[in-house]
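**Student:** Just a sequence and a predicted model for now, questions to come.
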Amino acid sequence: MVSVTVVGATGYMGSELLRILVNHPKVDKIVPTSRTHAGKPVSSFHKNLLKVLDAPFVDVDLKNIDTDVVFITAPPGDWFSELPALLDTGVKAITMGGKFRIKNAATDKEVYGGYENTDLLNERVYGLPELYRKEIKKARFITNPGCYATSIILGILPLKEYRNGLDLQKVVVTSISGTSGAGATLSDKLHHSEVSGNVRPYNTLFHRHTPEIESILNESFKDLSLSFIPVIGDYRRGIVSNITVFSESEPKDLAQTYKKHYQNEPFVRITPEIPEIANVVDSNYCDINSSYDPKKKRIIAISALDNLLKGGSGQAVQNMNIALGFDEKSGLGMISGHP
């Protein structure tokens, strides 16, 4: 059994972590932290946890954490400077923000700024199990991927089998995400009256997940360049990524290549139909479908996942399971409802 601290337990990622961890068969202690709500019952803020987790929030400095694992969902800040000392105590840390996702120090600084530590950056393991499971098993510091990044990387990765025949300079992706992807912080652009009945593209020329996606994929593709447009839709949670990769000839056994690539992955499902958010929301699954359009000479891959679970807290718990030698699926058995 293990003990777990959730730093920033009042945000959407923190809330989902608590919801998963209270039912995790290997977790016997949860320490939920919040400076603003310290001393108040968790269930007074997260109403869904009434009679499930009524323990109080606590205010604790990173250096004083003494649990086996810490999930850090709080925004980047001065607390980063305490992370090396915490790791040296034997605590495994999983960060949920963008800092340290990009291994190139100059790009990390340009995109996320703030605290710099080359040793941490070199040590960190990118927490995408489908690509770095072996590294995650030995890691003490894991940085969880972004939600858009997870959906896009998983959708493109099997195409490395055909990389010599692809136009990797014109990979085009449009992803639509629910409003929860922007986090719990209030914003005039996320008011119900602004979002309801609306679809809003944003950051169309540059999104901070783009260098993250390119840096990870180019470990396999070398020269891939991504044109990425994110969109906010009128719903709570879930991402659908529509991926186009141009290829002059039809890739041989495309669907079978995807199936073979993910055949041993517990949370990736290759579907015969176009994936839908309804089938993955509230689960840790990512559904993917691929096809080839001979008229336009393009591969179309579509992926769908829950941005707060496989794109966030669910994947973080999956990483914890791997790092601690647990069954990878522990605590993650939830599936979407129907209808």
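**Tutor:** Structure's in. What do you need? Numbers count the residues shown, from 1 in each chain.
**Student:** can you give me the strands for the stretch 51-200 of the chain?
**Tutor:** 69-72, 92-95, 125-126, 141-143, 166-177, 200-201 (DSSP state E, counting those that start in this stretch).
**Student:** Now for the closest residue to Val317 other than its chain neighbours, how many residues are close by?
**Tutor:** Counting by Cβ to Cβ, 6 or more residues apart in numbering, Val317 lies nearest to Ile20, which is 5.2 Å off, once chain neighbours are set aside. All C-beta atoms are positioned from the backbone trio N, CA, C, and that covers glycine. Residues within reach of Ile20, counting by other Cβ atoms under 10 Å, total 22.
**Student:** all helices in the protein, in order from the N-terminus.
**Tutor:** Secondary structure of the chain (DSSP state H): helices at 12-21, 42-45, 83-88, 105-112, 118-123, 129-138, 147-156, 192-195, 209-217, 254-261, 313-324.
**Student:** so which of these gets nearest Pro230?
**Tutor:** helix 147-156 (6.2 Å; Cβ to Cβ).
**Student:** packing partners for the closest one?
**Tutor:** Identification of packing neighbours for helix 147-156 by 3 or more Cβ pairs under 8 Å, 6 or more residues apart in numbering; DSSP states H and E yields strand 166-177, helix 209-217, strand 226-232, strand 239-247, strand 286-293, strand 298-305.
**Student:** In space, what's closest to Thr107 - neighbours in sequence excluded?
**Tutor:** Among residues not flanking Thr107 along the chain, Pro211 sits closest, at 5.3 Å (Cβ to Cβ, 6+ apart).
**Student:** Correct me if wrong: that neighbour contacts Lys103.
**Tutor:** No - using Cβ atoms under 8 Å, Pro211 is not in contact with Lys103; the gap is 10.4 Å.
**Student:** Give me whichever of the helices of the chain is most buried.
**Tutor:** The highest average neighbour count among the helices of the chain, using mean count of other Cβ atoms under 10 Å, belongs to helix 147-156 at a mean of 28.
**Student:** quick one: Pro294 from Val245, how far?
**Tutor:** Noted for Pro294: a distance of 14 Å to Val245, by Cβ to Cβ, to the nearest Å.
**Student:** can you check Phe267 too?
**Tutor:** As for Phe267, its distance to Val245 is 23 Å (criterion: Cβ to Cβ).
**Student:** Quick check: the closest residue to Val4 other than its chain neighbours vs Val317, distance?
**Tutor:** Counting by Cβ to Cβ, 6+ apart, Val4 lies nearest to Val69, which is 4.8 Å off, once chain neighbours are set aside. Distance from Val69 to Val317, counting by Cβ to Cβ: 10 Å.
**Student:** ok so, going back, comparing the helices of the chain by mean pLDDT, which bottoms out?
**Tutor:** Mean pLDDT is lowest for helix 192-195 among those, at a mean of 86.
**Student:** residue contacts, Ala55?
**Tutor:** Contact partners of Ala55, counting by Cβ atoms under 8 Å, 6 or more residues apart in numbering, are 30, 32, 41-42.
**Student:** Who wins on neighbours among those?
**Tutor:** The most crowded member of the contacts of Ala55, judged by other Cβ under 10 Å, is Pro32 (28 neighbours).
**Student:** Can you give me every residue that contacts that one?
**Tutor:** Neighbours of Pro32 in contact, by Cβ under 8 Å, 6+ apart: 5-6, 9, 14, 18, 42, 53, 55, 57-58.
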